[in-house]
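J.: sequence and predicted structure below; questions after.
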Amino acid sequence: MHYPTDSTLLGDGVRVLTRTMQGASSALGDQSGRIRNRLRSVTRRVLIIGYEARSPKTRDAMVKSYRKLMATTRAVLRDATTMVRRLGQRVRTASPQVQPRLQRAQDRLQELWPLVQRVVDQTRARLLGGDTHVVDKVLSIFEPHTETIRKGKISKPNEFGKLVTIQESEHQIITAYDVHAKRPADVTLWTAALDRHQAIFGRAPDLAAGDRGFSSATNERTATDRGVRRVVLPHRGPKSPARRAYERQRWFRRGQRWRVGCEGRISVLKRRHGLDRCRYHGEDGMHRWVGLGVIANNLVSTATFSKARAAA
């Protein structure tokens with residue numbers, strides 16, 4: 001998902017509010033054109049901002065264009081407030097055929113209004129106040145749950161979506177997954193993963209492996225206390241001679257190689273099973289999409305293993 005600019009978000013907000021109001025106006029029996037259509041001017045303003053943002057020499061002009069775009073968005077928000085009041089008055093007296101349509105329009109406008117207002121506020125904070133770290137910044141009008149995920153890579157420092165964690169067992173079978181509402185620290189996920197494995201299989205794993213993000217003395221003790229025989233968590237930071245000797249053991253290095261192979265499973269989920277981009281909408285849609293990808297992966301892995309065992 002590419003990074004959306006504030007101007008694009010404002011344009012999307014105006015577009016969806018206008019179309020929702022036009023549909024509601026039609027259901028109310030209004031004459032054509034009662035809802036003012038500002039989409040053409042907003043689209044032109046968004047294109048102008050995109051052109052002016054290419055050079056620091058045109059920053060003053062860009063700020064002026066942003067002010068006009070925000071003023072237009074606020075006007076559309078005022079129209080939406082008026083429409084919500086009208087719908088509230090008419091939805092109770094409307095015919096049974098029209099009432100559901102009016103109710104859906106009212107609910108949609110009440111859902112969108114605070115979201116678009118947040119976009120206006122964050123645009124003003126960034127443009128006029130220089131605040132680029134707005135709390136709970138809106139990144140998508142259509143998928144407001146989208147988050148910025150810091151990757152720390154030169155080619156891709158940020159990604160946009162939701163953090164998904166997976167647990168893999170032998171033969172490339174994914175035993176558990178989770179789509180996180182807010183990105184947690186990796187070190188906090190270790191205990192929950194062990195408990196989930198215990199709940200599924202009725203016993204602790206013989207070997208549990210994770211990358212350095214999961215590593216801590218507490219997590220190693222937690223795994224040992226739960227009955228894990230071999231814990232593969234590479235130590236972060238400088239290592240003592242005893243720790244280096246511990247991590248050079250054959251079983252530890254074999255566990256590390258197995259964990260690195262799990263990165264290939266993530267790649268397969270993205271390339272083969274579509275987890276690089278969710279095609280469903282909403283948080284529930286995200287959970288369904290990831291779940292279907294995991295099921296597809298497990299079916300392929302199970303068939304591959306069964307075929308190899310039958311051939312042997």
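T.: Arrived safely.
J.: got the domain ranges for the protein?
T.: Following automatic domain parsing, one finds the domains of the chain at 6-129, 161-311.
J.: deepest in the core, which of those is it.
T.: Mean neighbour counts were compared across these using mean count of other CB atoms under 10 Å; the top stretch is domain 6-129, at a mean of 16. For every residue, glycine as well, the C-beta is placed using N, CA and C.
J.: from Pro144, how far off is the closest residue to Tyr280 other than its chain neighbours?
T.: Distances taken as CB to CB, 6 or more residues apart in numbering place Trp289 nearest to Tyr280, at 4.8 Å, with adjacent residues excluded. Separation of Trp289 from Pro144 (CB to CB, to the nearest Å): 17 Å.
J.: Lys162 too?
T.: 12 Å.
J.: then Arg230?
T.: Distance, Arg230 to Pro144, using CB to CB: 43 Å.
J.: thinking Thr72 is in contact with Gly13, fair?
T.: No: shown here, Thr72 and Gly13 do not form a contact pair, counting by CB atoms under 8 Å, at 10.5 Å.
J.: wait, Val76 touches Leu17, no?
T.: Yes: applying CB under 8 Å, one finds Val76 in contact with Leu17, separated by 5.3 Å.
J.: what touches both of the two?
T.: Both Val76 and Leu17 are contacted by Val116, under the criterion CB atoms under 8 Å, 6 or more residues apart in numbering.
J.: so which of the domains of the chain is nearest Thr148?
T.: domain 161-311 (8.9 Å; CB to CB).
J.: tell me the mean pLDDT over the closest one?
T.: Average pLDDT, domain 161-311: 91.
J.: now do the same end-to-end measure for it.
T.: Taking CA to CA, to the nearest Å as the measure, domain 161-311 stretches 42 Å from start to finish.
J.: state the pLDDT value of Ile154.
T.: Confidence score, pLDDT, at Ile154: 66.
J.: I meant Thr73, not that one.
T.: Looking at Thr73, its pLDDT stands at 96.
J.: just checking, it touches Ser7?
T.: No: between Thr73 and Ser7 there is no contact under CB under 8 Å: 10.3 Å.
J.: against which helices or strands is the helix or strand encompassing Leu87 packed?
T.: Using DSSP states H and E, Leu87 sits in helix 59-90. Counting contacts by 3 or more CB pairs under 8 Å, 6 or more residues apart in numbering; DSSP states H and E, helix 59-90 is packed against helix 6-28, helix 39-52, helix 99-129.
J.: tell me which element Val260 falls in.
T.: Secondary structure from DSSP H and E places Val260 in helix 250-271.
J.: give me the contacts around that helix.
T.: Residues from elsewhere that reach helix 250-271 (CB under 8 Å, 6+ apart): 166, 168, 172, 174, 207, 209-211, 230, 232, 234, 246-247, 275-276, 293-294, 297.
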